[in-house]
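Based on what follows, work out the 3D shape:
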Amino acid sequence: MAKPRRLFACAECGAEHRQWTGQCSVCGAWNSLAERRVTDGPAGSRSTPQAVALDLIDTSADDRMPTGMGEMDRVLGGGLVRGSLVLLAGDPGVGKSTLVLRLAAELASPQRPCLYVAAEESAAQIRMRAERMGIGGDGLFVYAETAMDGALAEAERLRAGVMVVDSIQTVRADGLASAPGSVTQVRESTLRLLQYAKATHTPVLIVGHVTKEGMVAGPRLLEHIVDAVLYLEGDDHHAHRLLRSVKNRFGPTFEVAVFEMDGAGLREVTNPSAMLLAGRDASAPGSAVAVAMEGTRPLLVEIQALVAPTTYSLPRRLANGLDLNRLNMLLAVLSRRADVGLSAHDVYVNVVGGLRLREPATDLAVALAVASSHSGQPLRLGAAALGEVGLAGELRTVPSAAQRVDEAARLGFTHCVVPAGAQSNGRQTTAIPVGNLRQALDAALA
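Alright, predicted model coming up:
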């Protein structure tokens, strides 16, 4: 029998050392080394797998498993791939546990049991949440423990078709002296789940905490190990939640699903553009509609601007949902290229609905909203806008312009101001091509 040997693992970065030192030589953290014992198997006891020709590999076991939630399937690329390991992260209270419980209930059946490992809550708490959400328990089993080895043994006993771990920062792997949530524990627990998922072709969904910077807590290696990383975004002041994929080995990245939080949990929103534009006053100056792309889905978002004479020596510029530096650049282009004087005015810009727009395709809508508020003229009724604004005042084309115009037409917008170089989609009565910012103002202002 092999004799166990000692290693010292850093709790900050996970680096292993043969002997204890006061400082980790990799990350420089002090007093972070914890002892762990490793037992090597006897020589020759492990079977060495043989390489397989690519065209002989059987992919029938790796088909997709529909989740029963259209928005979730959209983000995953068509459903859960058997044997995949998916990480769901988000801020505290955003609805991660609510979402995975709904997903577990949709996937569970007597023929395909689902094991829900509740490492943060008791079984009674899970039952109360399920009753509030109107979820039945047919085929859904709850394991309210933190022991990873026990959870894997229970999954094998039940022959679970799906496994959910909530959360990876609170489970512990046997044989490690470090506390749950440490770098060593998170890494080892995730690796054991990965081995189980690949060996049994069982999809495993794990919930992860995030740091105050918005990153997944634990080692960066965690995001590299898993097959897909999903972020659930939202805030306390709005009911909707965005589920965004930032990594997906089996589907598109940066795809977005939209949910709405209510008393019964998270509800899918199949027409998010209509929800985001609900209550908009199209006749009010300073309101413009931008056609943004989130993944492969076009979203129509209202952008509001307020321009008022300043009472300060230095005018204020505030942006909610936009990059402030980008807004300052657009204001400079408006002043220099379109003669919209803003040097003596405060400018406030807000993206309605709590969304955060990151792509430059929304530049034109922001500029139109600011110009409309400055002049007191509303934009043309039924008009939307898309396009990137350059420093010379020119409008540049954006990806998927035809798809964006189609979405605007589907929601009843009769005009869409687009860059002149945008590809036509066959609806010439909807698109208004313009070459620069001044022409866009002439075309959009009523």
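
Quickly note the distance from the residue minimising distance to the centre of the chain to residue 256.
For the chain, residue 244 is the residue whose C-alpha lies nearest the centre (Cα atoms, centre = their mean; 2.3 Å). According to Cβ to Cβ, to the nearest Å, residue 244 and residue 256 sit 5 Å apart. No exception for glycine: its C-beta is placed from N, CA and C like everyone else's.

Spit out the contact partners of residue 70.
Neighbouring residues of residue 70 by Cβ atoms under 8 Å, 6 or more residues apart in numbering: 268, 270.

try it again with 6 Å
By Cβ atoms under 6 Å, 6 or more residues apart in numbering, no residues touch residue 70.

Could you pull up phi and psi at the nearest residue to residue 323 once chain neighbours are set aside?
Leaving aside its chain neighbours, residue 323 sits nearest to residue 358 (7.5 Å; criterion: Cβ to Cβ, 6 or more residues apart in numbering). Torsion angles at residue 358 (phi, psi; degrees, to the nearest 10) stand at phi -110, psi -20.

Around residue 358, how many other residues sit close by?
14 (other Cβ atoms under 10 Å).

One more: the one 3 residues further on?
In terms of burial, residue 361 registers 25 neighbours under the definition other Cβ under 10 Å.

Need the pLDDT of the closest residue in space to it that isn't next to it in sequence.
Excluding the flanking residues, the one nearest residue 361 by Cβ to Cβ, 6+ apart is residue 398, at 3.9 Å. Looking at residue 398, its pLDDT reads 92.

element containing residue 398, please.
Under the criterion DSSP states H and E, no helix or strand holds residue 398.

Tell me where the model's unsure across the chain.
In the predicted model, the chain carries pLDDT under 70 at residues 1-4, 12, 37-47, 59-62, 423-429, 446.

Alpha carbons of the lengthiest strand in it, as CSV, please.
Ranked by residue count and defined by DSSP state E, the top strand of the chain is strand 297-309. Written as CSV, here are the backbone C-alpha positions of strand 297-309 (Å, rounded to 0.1, in the frame of the first residue of the first chain):
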residue,chain,number,x,y,z
ARG,A,297,-30.9,38.8,-30.0
PRO,A,298,-31.7,42.5,-31.0
LEU,A,299,-33.2,44.5,-28.1
LEU,A,300,-35.0,47.8,-28.5
VAL,A,301,-34.1,50.0,-25.5
GLU,A,302,-35.2,53.5,-24.6
ILE,A,303,-32.5,56.1,-24.0
GLN,A,304,-33.5,59.3,-22.2
ALA,A,305,-31.5,62.5,-22.1
LEU,A,306,-32.0,65.7,-20.1
VAL,A,307,-30.1,68.9,-21.1
ALA,A,308,-30.5,71.8,-18.7
PRO,A,309,-28.6,75.1,-18.2
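
For the residue nearest to residue 361, list the residues it contacts.
361, 386, 388.

Let's verify the first one: helix, strand, or coil?
The reference is to residue 361. Per DSSP: H, G, I helix; E, B strand; the rest coil, the local secondary structure of residue 361 is helix.

do the same with residue 408
Reduced to three states by three-state DSSP, residue 408 is helix.

what does residue 199 give?
Under the three-state scheme (three-state DSSP), residue 199 adopts helix.

Could I get the full set of helices for the stretch 101-250 of the chain?
123-133, 148-158, 183-200, 221-225 (DSSP state H, counting those that start in this stretch).

can you redo these as CSV with mean neighbour count and distance to residue 407?
Shown next, in CSV, are these (neighbours: other Cβ atoms under 10 Å; distance: least, Cβ to Cβ, whole Å):
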stretch, mean neighbour count, distance to residue 407
helix 123-133, 15, 31
helix 148-158, 17, 43
helix 183-200, 21, 37
helix 221-225, 16, 32
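
now those in JSON lines, with distance to residue 278?
JSON lines is the format used below for those (distance: least, Cβ to Cβ, whole Å):
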{"stretch": "helix 123-133", "distance to residue 278": "25"}
{"stretch": "helix 148-158", "distance to residue 278": "43"}
{"stretch": "helix 183-200", "distance to residue 278": "41"}
{"stretch": "helix 221-225", "distance to residue 278": "36"}
